[in-house]
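J.: Show me how the following folds:
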Amino acid sequence: MLDFQRYQLAFTAHIRNPELHPKPANVIENRMAVYRESVFNNIFESVSVCFPVCQNVLGKRKWHHLIRNFVANYSANSPLFREIPQQFLAFLESITDLPPYLIPLAHYEWVELAISSQQTRAQSIQQTLSTESNCLDNVITLTPASTLLAYDYPVHKISKRFKPTIIEKTYLLVFRNTSFEVKFIALNSVTFNLLLHIQSQPSTGRLALAALANESQYPDLELFMRFGAEILDDLCKQQAITLS
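T.: The predicted structure is shown next:
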């Protein structure tokens with residue numbers, strides 16, 4: 001290994017974990033401190049902005065320690081600064097002493113960033129805002145920037161005052177409307193399965209509801225259709241689905 005390579009390794013090792021790795025020889029401490037603090041503070045701010053609830057739930061001391069661990073020990077597979085939150089999410093999978101709800105909560109918080117920056121085709125405002133469109137007889141698709149989420153904990157309710165202790169199946173739809181606002185909708189299991197069906201195979205509302213009623217062996221197809229049409233109409237008005 002060449003001298004400059006050894007120097008680079010020593011320099012970056014000290015920045016990542018100054019308690020374990022001494023600074024390179026002949027480097028002025030004040031200058032070294034600038035690098036240490038700048039790198040850590042930039043990563044700390046980037047992660048903290050994306051995961052405010054996680055930070056609040058864990059508390060300042062534990063959160064600081066977690067990010068210090070991330071900086072010191074995680075080998076990111078992306079050089080892009082904007083992808084640091086996603087790298088942090090992957091890092092959390094390796095931590096064994098976190099509350100069981102924290103990784104789902106972190107994923108839920110990260111999704112907002114992912115949906116807000118997702119590149120999509122142009123949406124048709126006329127389709128998404130139409131209140132007269134027939135949801136039963138038009139082909140339905142999820143809005144381009146959207147995702148369906150299923151968790152074992154009610155992540156959208158977690159706070160410093162509420163930390164779930166039991167498993168509670170939770171279903172959510174996250175989407176970006178035509179005003180580029182990220183919205184979250186809590187779903188029941190039936191609506192979640194309906195949207196899963198539409199996501200996997202866009203079809204008319206009537207066909208999607210009939211398939212779901214058949215799968216669940218619902219006894220009253222007419223009633224199922226009526227309730228389903230109301231749900232789809234509401235989702236359309238909220239710009240969560242589009243009609244064509």
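J.: Pull the distance from the host helix or strand of Ala72 to the chain's centre.
T.: For Ala72, the element it lies in under DSSP states H and E is helix 60-73. Its chain's average C-alpha position is 20 Å from that of helix 60-73, according to C-alpha atoms, centre = their mean, to the nearest Å.
J.: these two touch, right, Val174 and Leu113?
T.: No. Val174 lies out of contact with Leu113 (C-beta atoms under 8 Å); the separation is 10.8 Å. To be clear about C-beta, it is placed using only N, CA and C from the backbone, and glycine gets the same treatment.
J.: Which one's more surrounded, these two?
T.: Val174 (21 against 16; other C-beta atoms under 10 Å).
J.: show me what contacts Asn138?
T.: By C-beta atoms under 8 Å, 6 or more residues apart in numbering, the contact list for Asn138 reads Thr204, Gly205, Leu243, Ser244.
J.: Among those, which lie within helices?
T.: Using DSSP state H, the subset of the contacts of Asn138 located in helices is Gly205.
J.: Just the buried residues of the contacts of Asn138.
T.: Neighbour-count burial (16 or more other C-beta atoms under 10 Å) is assigned, among these, to Thr204, Gly205, Leu243.
J.: quick one on the thing from earlier: let me have the contacts of Asn138 in a markdown table, extended by distance to His107.
T.: Formatted as a markdown table, the contacts of Asn138 follow (distance: C-beta to C-beta, whole Å):
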| residue | distance to His107 |
| --- | --- |
| Thr204 | 32 |
| Gly205 | 30 |
| Leu243 | 30 |
| Ser244 | 31 |
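J.: circling back to that earlier point, any chance of a markdown table for the buried ones among the contacts of Asn138, columns pLDDT?
T.: Formatted as a markdown table, the buried ones among the contacts of Asn138 follow (pLDDT from 0 to 100):
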| residue | pLDDT |
| --- | --- |
| Thr204 | 94 |
| Gly205 | 94 |
| Leu243 | 89 |
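J.: pLDDT weak spots in the chain?
T.: Applying pLDDT under 70 to the chain picks out residues 121-133.
J.: Recalculate using a threshold of 50.
T.: 124-132 (pLDDT under 50).
J.: quick one, helices of this structure?
T.: Here the chain has its helices, by DSSP H, at 3-16, 29-50, 52-58, 60-73, 84-92, 102-117, 125-129, 189-200, 205-216, 221-237.
J.: Can you list the buried residues in the helix holding Ala72?
T.: Trp63, Leu66, Ile67, Arg68, Phe70, Val71, Ala72.
J.: roughly how far apart are the residue of the chain positioned farthest from its centre and Pro79?
T.: No residue in the chain sits farther from the centre than Asn26, which is 44.3 Å out by C-alpha atoms, centre = their mean. Applying C-beta to C-beta, to the nearest Å, the value for Asn26 to Pro79 is 28 Å.
J.: what's the answer for Pro100, then?
T.: 32 Å.
J.: Beta-bridge partners for Phe175, please?
T.: Ser146, Lys183 (DSSP bridges).
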